[in-house]
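**Student:** turn this into a structure:
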Amino acid sequence: MSTGESTSAPLYTTSGTGAAVSSFSVVDYVVFGLLLLLSLVIGLYHACRGWGRHTVGELLLADRKMGCLPVALSLLATFQSAVAILGAPAEIYRFGTQYWFLGCSYFLGLLIPAHIFIPVFYRLRLTSAYEYLELRFNKTVRILGTVTFIFQMVIYMGVALYAPSLALNAVTGFDLWLSVLALGIVCNIYTALGGLKAVIWTDVFQTLVMFLGQLVVIIVGSARVGGLARVWEVASEEHLISGIELDPDPFVRHTFWTLAFGGVFMMLSLYGVNQAQVQRYLSSRSERAAVLSCYAVFPCQQVALCMSSLIGLVMFAYYKEYTKSPQQEQAAPDQLVLYFVMDLLKDMPGLPGLFVACLFSGSLSTISSAFNSLATVTMEDLIQPWFPELTETRATMLSRCLAFAYGLVCLGMAYISSHLGSVLQAALSIFGMVGGPLLGLFCLGMFFPCANPLGAIVGLLTGLTMAFWIGIGSIVSRMSSAVASLPINGSSAFLPSNLTIATVTTLMPPTTTLPPKPTGLQRFYSLSYLWYSAHNSTTVIVVGLIVSLLTGGMRGRTLHPGTIYPVLPKLLSLLPSSCQKRLRWRSRSQDVPVVPNLFPEKVRNGVLQDSTDKERMAEDGLVHQPCSPTYVVQETSL
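**Tutor:** Numbers count the residues shown, from 1 in each chain. Modelled structure (predicted):
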């Protein structure tokens with residue numbers, strides 16, 4: 001995961017000089033235009049292929065026929081935003097390589113979704129992740145989860161489109177609204193017409209462009225300063241290579257524990273329960289392919305993180321040998337990478353355009369994922385439950401209209417963002433505040449059979465309240481103390497986002513002066529942003545369990561076994577057989593098949609009718625047998 005961070009002035013302000021380091025050549029415009037054109041062609045190809053025979057399942061889930069490699073690259077592209085491409089190198093450049101230890105969180109952050117969340121979601125044959133909440137709790141919890149997700153994504157979409165365009169305009173003179181409209185319109189067309197399959201395959205292309213653009217910067221930059229060995233030597237001499245900081249204090253912004261373990265919860269909120277990612281898992285041709293795609297993200301994320309770190313180190317070594325211009329001296333941290341690239345590649349026509357294509361590939365992948373996931377949850381959670389008789393043709397058309405409508409909303413939010421000023425920081429923070437409570441809600445349902453709908457509702461509302469209290473309190477606290485000197489390790493005013501890890505801004509001047517440590521609520525607000533997801537999800541679980549136990553748990557309610565992950569049997573299965581016998585524990589089947597009656601056209605009298613689904617279930621190793629209209633499940637006995 002390449003979490004983009006900026007740790008000083010916000011991304012949304014220019015350097016104030018009104019000058020640009022370099023301007024685009026004709027070749028650069030051609031390279032950038034080719035990115036948009038090829039993305040549009042790939043999307044339209046999948047839109048036109050089989051036009052008139054598209055179904056809702058094909059638009060929203062690519063007909064569940066995707067392979068693991070394109071899904072893995074799409075998962076990565078959804079996460080690797082333009083802000084991350086700008087922010088992560090700036091973090092390394094300013095504060096050293098401590099941030100690289102975030103890669104340690106990827107292992108558990110991807111292993112847990114692969115073996116817990118994916119099997120549960122895939123075997124329930126869901127389309128929207130929030131269908132799970134209705135199966136586990138009730139319709140009210142499902143609607144609350146859906147509305148929370150829509151609020152989260154709508155707030156972020158416009159900012160994700162506008163912010164990199166503004167930074168690019170400030171540095172290169174690239175027309176602001178031309179780039180906003182070009183990205184928004186192209187993305188809107190291929191997402192609305194081509195559906196998830198078009199989004200995934202354009203993500204594959206855009207991922208390759210992102211890697212290529214970053215690789216060019218690393219190669220050219222390191223060659224200018226004498227090679228990667230020289231880059232590492234300079235970084236070591238200037239103490240930029242960080243050791244393992246084992247300080248357990250959660251109020252220190254970056255330590256090994258904060259990055260490696262606090263980052264796990266952040267990863268789970270992204271790769272475990274986020275609709276944009278869950279939708280890609282569910283588009284896989286089999287459960288095994290979905291799990292393999294999650295595994296494949298791990299090395300890809302490590303490569304992305306290493307490349308971002310190398311760009312930061314190369315930039316540091318470069319400016320040890322070459323003098324910064326006045327514009328670069330006054331630039332906001334989020335503009336550092338763009339200034340560096342334009343300075344480094346100014347004599348190589350086409351390469352600045354390639355990096356800009358890399359930057360906007362991140363925007364395209366992020367925004368198209370947002371459009372598609374929003375259309376999916378709106379269709380599946382808010383429309384189809386109330387209009388079950390909707391025909392396939394009308395449902396397909398409505399799905400396209402929803403994706404197109406959300407595209408227009410994105411452009412509208414980008415326009416609003418241009419008038420918000422510093423409030424943009426709060427907008428990005430709001431995106432991150434929601435991820436933790438949603439993770440807690442799913443964990444409450446999946447791991448605690450005693451949790452009931454009332455506990456889930458109260459827990460979610462409490463978690464959101466806590467998230468907004470700490471998050472907004474932190475923003476206000478940082479803004480009020482912006483004129484004072486703050487420690488470099490101060491906490492972030494921004495929270496990590498749920499889909500792409502947004503900018504993390506602390507409004508700190510670059511100083512080494514250490515003021516007195518904050519106390520009381522001020523200290524509470526200085527909690528490291530990487531612990532926010534863990535704190536808020538834990539709040540949901542604890543409050544949800546307390547309320548559930550006080551209100552009788554699931555007594556008198558039906559609990560669908562397929563919505564529960566069997567934690568205790570899984571743990572007991574790790575014990576020696578002698579211990580299992582002493583505990584009188586016996587497992588008939590750990591991985592139980594669940595055939596929900598979610599698709600009336602496929603299940604009649606409890607028997608699965610669609611031969612394609614039978615084949616897919618057989619491929620996943622699931623047992624197919626006649627069942628009751630609700631569920632068939634082989635329970636584990638204790």
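**Student:** backbone dihedrals for F448, please?
**Tutor:** Note on F448: its backbone torsions stand at phi -130, psi 90 [degrees, to the nearest 10].
**Student:** that one contacts L545, correct?
**Tutor:** Yes: counting by C-beta atoms under 8 Å, F448 does reach L545; the two are 6.1 Å apart. In short, each C-beta sits where N, CA and C put it, glycine included.
**Student:** contacting residues for V476?
**Tutor:** Not one residue lies near V476 by C-beta atoms under 8 Å, 6 or more residues apart in numbering.
**Student:** can you check S309 too?
**Tutor:** S309 makes contacts with A88, P89, I92, T97, Y99, W100, as judged by C-beta under 8 Å, 6+ apart.
**Student:** against P576, how distant is the closest residue in space to S179 that isn't next to it in sequence?
**Tutor:** In space, and not counting its chain neighbours, S179 is closest to S165: 4.5 Å by C-beta to C-beta, 6 or more residues apart in numbering. S165 is 60 Å from P576, where distance means C-beta to C-beta, to the nearest Å.
**Student:** who has more neighbours, those two?
**Tutor:** S165 (27 against 8; other C-beta atoms under 10 Å).
**Student:** surely the more buried one is in a helix?
**Tutor:** Yes: read with DSSP: H, G, I helix; E, B strand; the rest coil, S165 is one of the residues of a helix.
**Student:** verify the contact between it and L183 for me.
**Tutor:** Yes: with contacts counted by C-beta under 8 Å, S165 reaches L183, the gap being 7.4 Å.
**Student:** give me the common contacts of the two.
**Tutor:** Common neighbours of S165 and L183, using C-beta under 8 Å, 6+ apart, are S363.
**Student:** so how far is I475 from S526?
**Tutor:** 12 Å.
**Student:** ok, back up a step: next, the contact list for the residue nearest to S179, please.
**Tutor:** With C-beta under 8 Å, 6+ apart, S165 has these contacts: F174, L176, W177, S179, V180, L183, S363, A414.
**Student:** for the first one, list the residues it contacts.
**Tutor:** Residues near F174 by C-beta under 8 Å, 6+ apart: F24, S165, L168, V356.
**Student:** show me those that map onto helices.
**Tutor:** S165, L168, V356 (DSSP state H).
**Student:** how about the helices of the stretch 251-400 of the chain, start to end?
**Tutor:** Counting by DSSP state H, counting those that start in this stretch, the stretch 251-400 of the chain has these helices, from start to end: 256-257, 263-271, 275-282, 287-321, 326-329, 336-344, 351-377, 392-417.
**Student:** before we move on, back to that, filter the contacts of S165 down to just the buried residues.
**Tutor:** Buried members of the contacts of S165, scored by 16 or more other C-beta atoms under 10 Å, are F174, L176, S179, V180, L183, S363, A414.
**Student:** buried sites along the host helix or strand of V159?
**Tutor:** Per DSSP states H and E: V159 is located in helix 139-172. The neighbour-count check on helix 139-172 (16+ other C-beta under 10 Å) flags 141-146, 148-150, 152-172 as buried.
**Student:** same thing with stretch 404-417?
**Tutor:** F404, A405, Y406, G407, V409, C410, L411, M413, A414, S417.
**Student:** just those residues now: which is nearest V204?
**Tutor:** G407 (20.9 Å; C-beta to C-beta).
**Student:** surely the closest one is in contact with Y190?
**Tutor:** No: assessed by C-beta under 8 Å, G407 is found out of contact with Y190, at 10.3 Å.
**Student:** any regions of the protein where pLDDT drops low?
**Tutor:** 1-23, 50-54, 79, 83, 419-432, 478-524, 574, 580-638 (pLDDT under 70).
**Student:** strands along the stretch 401-550 of the chain, start to end?
**Tutor:** Taking DSSP state E, counting those that start in this stretch as the test, none of the stretch 401-550 of the chain falls into strands.
**Student:** what's the burial count for L549?
**Tutor:** Residues near L549, counting by other C-beta under 10 Å, number 14.
**Student:** give me the distance between the nearest residue to it once chain neighbours are set aside and V120.
**Tutor:** Spatial nearest neighbour of L549, excluding adjacent residues (C-beta to C-beta, 6+ apart): C450 at 6.6 Å. C450 is 18 Å from V120, where distance means C-beta to C-beta.
**Student:** who has more neighbours, these two?
**Tutor:** Each of C450 and V120 has its neighbours counted (other C-beta under 10 Å); V120 has more, 19 against 15.
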